[in-house]
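A.B. asks: this one's sequence-less:
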Ligand SMILES: [Zn+2]
């Protein structure tokens, strides 16, 4: 089993105040916008695929003549090209740029987080210093990250900067597997070594019964006032009170379970295996009562907290199809039948086991049979998809904010 490397991207958007006059920065933003427009206008009619090399050949010297820097030019083609592509894919109308916004790569700025000062390299070798206006605490976490690109904007008389940060997260190399079974009465955590030895078993009683009690109260009240409960303040308040209790109980429990699981997994270097609840639902579509009975929403909440706590500790999480985990014999694959209170027995081979523990064996086995040979494909809940914008920057067609253009034109 091997560890994985993940790249985490995040954008920090802050207001920025130029030291001295605004003129040069505004002039730069206008020049930049007009340059993007020029490129868009000229490539709009071209149907062939434009490589970066070609764009460079077509526009580099013109953009240099405007007083722009080499990396400004690169950002301008990148911008123009993605603008054109998204416009063709959407409205089909040629974009007309109005907003003042420029994307600048790391070669054309210097960020000094100690003094909260950003220096931008503009056209004609001008430089401008901007003071970042934001509480220091917001910036603190990014100190250990690297930054590679930013966007400067002028909106309603103010300058804004979005700085893109990234960091590489190395997830721990898992040595054991922690299988988690969720059911009405218990959450069962079992840790197995790759050769199938169980080294730890923990059962956490769920508060399902308490939750049900509050649910029953709500239903009773609603039955008593079938038409009017919504409109009588005291009745509505009583219902809300029970609803609030359900919410608190379930979140409390989910947080605790997430914490316990991630702590155990961390200590034992485990990859965490959960049942895929979507598949659980699909497999049980016919059973109308299923959703209600099982409290799927509650399991989702628990899994959310487990995944969150795992992510905080750089642990891997994987999901398996839950089909058969509580009905198949882990020894011979035969069908299990009830044999007393929470005990299952295999008619074929005589296997006898606790219902919850048996489920964890099956979960563990499912995972191992899939992943033992080809490493551990973990799930990184916060790793952005390759074509997704960094958080904090909503996709805006005018500005063509994508994060995928990090190739260097000048290498080839
Ligand atoms: Zn069996």
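C.D. replies: Received it, and whenever you're ready, just let me know what you need. The model shown is predicted, which means the values in this text are computed figures rather than measured ones.
A.B. asks: mind checking how far residue 130 is from residue 116?
C.D. replies: 9 Å (C-beta to C-beta, to the nearest Å). Bear in mind the C-beta positions are built from the backbone N, C-alpha and C, glycine included.
A.B. asks: of these two, which one has the most company?
C.D. replies: residue 130 (21 against 16; other C-beta atoms under 10 Å).
A.B. asks: what helix or strand is the more buried one on?
C.D. replies: strand 127-133 (DSSP states H and E).
A.B. asks: packing partners for that strand?
C.D. replies: strand 5-18, helix 23-43, strand 117-121, strand 158-170 (3 or more C-beta pairs under 8 Å, 6 or more residues apart in numbering; DSSP states H and E).
A.B. asks: and those: which comes nearest the ion?
C.D. replies: strand 5-18 (39.8 Å; C-beta to the ion).
A.B. asks: that closest one pairs with which strands, parallel or anti?
C.D. replies: strand 127-133 (antiparallel), strand 158-170 (antiparallel) (DSSP bridges).
A.B. asks: who does the nearest residue to residue 161 once chain neighbours are set aside bridge with?
C.D. replies: Leaving aside its sequence neighbours, residue 161 sits nearest to residue 16 (C-beta to C-beta, 6 or more residues apart in numbering; 4.6 Å). Note on residue 16: beta-bridge partners by DSSP bridges are residue 132, residue 159.
A.B. asks: one more: residue 345?
C.D. replies: Following DSSP bridges, residue 345 is listed with bridge partners residue 337, residue 352.
A.B. asks: thought it was touching residue 352?
C.D. replies: Yes: counting by C-beta atoms under 8 Å, residue 345 does reach residue 352; the two are 4.9 Å apart.
A.B. asks: who's more crowded, those two?
C.D. replies: Just comparing residue 345 and residue 352: by other C-beta under 10 Å the higher neighbour count belongs to residue 345, 18 against 12.
A.B. asks: which pLDDT value goes with the more buried one?
C.D. replies: We have a pLDDT of 94 for residue 345.
A.B. asks: stretch 355-370 close to the ion?
C.D. replies: No: Stretch 355-370 stays clear of the ion (C-beta under 5 Å from the ion), getting no nearer than 10.5 Å.
A.B. asks: what's that stretch in contact with?
C.D. replies: The contact list for stretch 355-370 (C-beta atoms under 8 Å, 6 or more residues apart in numbering) reads 177, 179-181, 183, 186, 188-190, 192, 194, 196, 201, 203, 271, 273, 275, 318, 320-322, 324-326, 328, 330, 336, 342-344, 353.
A.B. asks: if you set the cut-off to 6 Å instead, what comes out?
C.D. replies: For stretch 355-370, contacts defined as C-beta atoms under 6 Å, 6 or more residues apart in numbering pick out 177, 179, 181, 186, 188, 190, 192, 273, 320, 325-326, 330, 342, 344.
A.B. asks: just stretch 237-247 next, same as before
C.D. replies: So stretch 237-247 is contacted by 211, 214, 217-218, 221 (C-beta under 6 Å, 6+ apart).
A.B. asks: filter those by proximity to the ion?
C.D. replies: Among those, no residue lies close to the ion (C-beta under 5 Å from the ion).
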